[in-house]
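# please find the sequence and the predicted model below.
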Amino acid sequence: MADSQASAYQDSAQPVVLITRVGSWIGAEAAVHFLKRGVTVIGVGSNPDRISELTSALAKMSHNTGKFIPCVGVLTSPELQDQIVEHIKSEGQLIAFVHNVGAYEPPNVQASEPIEQWEALQRSLLEALPMAHRVRALLRKQKGRVVNVASDDALTELPNHVALVAIKTAVNMLTAELALVEPSITSLAVHPGIRLPFASTSASHPPSTDQLQPAGELIVDLALNAKHSMSGQFFMYSEPDFLKSSKP
């Protein structure tokens with residue numbers, strides 16, 4: 001399991017992961033599962049109120065053996081990038097970069113116009129690229145992993161899902177290119193097969209269990225255990241081979 005993998009890293013140096021858009025619900029869920037496994041999480045988000053709320057909530061959780069380091073700002077900022085790199089170097093060794101693409105951070109979930117949502121999706125893809133470049137050498141050194149998460153967060157009211165398709169296509173191309181230029185890094189894209197937590201449900205029609213997938217735990221397992229043979233590919237949660245490959 002992922003616990004044993006994290007323990008193996010801890011025998012040498014503290015494992016560190018970087019999560020973008022940690023203020024999104026899927027980013028927060030991934031952070032929880034990393035912390036339970038004793039991993040140091042550097043979580044980046046642009047909404048200071050949301051990051052403050054998340055930091056407080058994580059601090060109150062029991063059984064957390066990891067450490068959460070919040071970073072607030074836009075990842076295109078050189079100052080924020082420098083801050084993140086310094087955190088990584090002082091905390092341990094970077095073993096994974098979880099890039100939340102197609103994830104909204106509150107309060108942007110309810111953006112009023114489709115064009116605003118499309119622009120938010122573009123930012124979710126492009127803002128993290130300079131940071132990815134900054135940490136490539138650190139990931140290469142550890143033979144680490146990049147997990148590009150294209151989630152159903154992006155489905156909110158976007159007509160015909162055209163924007164979602166465009167973003168996922170770009171994610172696939174980015175993942176494949178990174179696998180080519182950085183062969184020592186395992187790079188994969190994943191659609192976790194998850195259900196939006198803010199989709200309407202009722203007591204008489206509760207969500208079925210096959211709709212509620214353990215997205216955070218899945219992302220953690222991939223970040224710690226994904227096989228190198230998966231590099232450069234896009235996976236859906238429902239694929240049997242993917243389910244087997246996401247476990248050690």
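Structure received.

# contacts, neighbours, all on C-alpha from now
Fine.

# assign the residue most central in space within the chain to helix, strand or coil.
The centroid of the chain falls nearest to Val98 when counting by CA atoms, centre = their mean (3.5 Å). Secondary structure, DSSP: H, G, I helix; E, B strand; the rest coil: Val98 is strand.

# partner residues bridging it?
Ile19, Val147 (DSSP bridges).

# for Thr65, see how far away it is.
To Thr65, Val98 is 20 Å away according to CA to CA, to the nearest Å.

# quick one, helices of the chain?
2-10, 25-36, 48-60, 78-91, 114-126, 129-142, 162-181, 215-225, 240-245 (DSSP state H).

# out of these, which gets nearest to Ser187?
Smallest distance to Ser187 across the helices of the chain (CA to CA): 5.6 Å, for helix 162-181.

# which residues does the residue nearest to the centre of the chain contact?
Val17, Leu18, Ile19, Thr20, Val146, Val147, Asn148, Val149, Ala223 (CA atoms under 8 Å, 6 or more residues apart in numbering).

# nearest to Leu188, of those residues?
The closest of the contacts of Val98, once distances to Leu188 are taken by CA to CA, is Val147, at 5.3 Å.

# looks like that closest one contacts Leu222 (just checking).
Yes: between Val147 and Leu222 there is a contact under CA atoms under 8 Å: 7.3 Å.

# and His99, how many neighbours does it have?
The number of residues packed near His99 is 25, by other CA atoms under 10 Å.

# where does it land on pLDDT?
For His99, the pLDDT comes out at 93.

# just give the closest residue to it, not the sequence neighbours.
Closest residue in space to His99, ignoring its immediate chain neighbours: Asn148 at 4.8 Å, by CA to CA, 6 or more residues apart in numbering.

# return the residues in contact with that neighbour.
Asn148 is in contact with Val98, His99, Asn100, Val101, Val171, Thr175, Ser187, Leu188, Ala189, Val190, counting by CA under 8 Å, 6+ apart.
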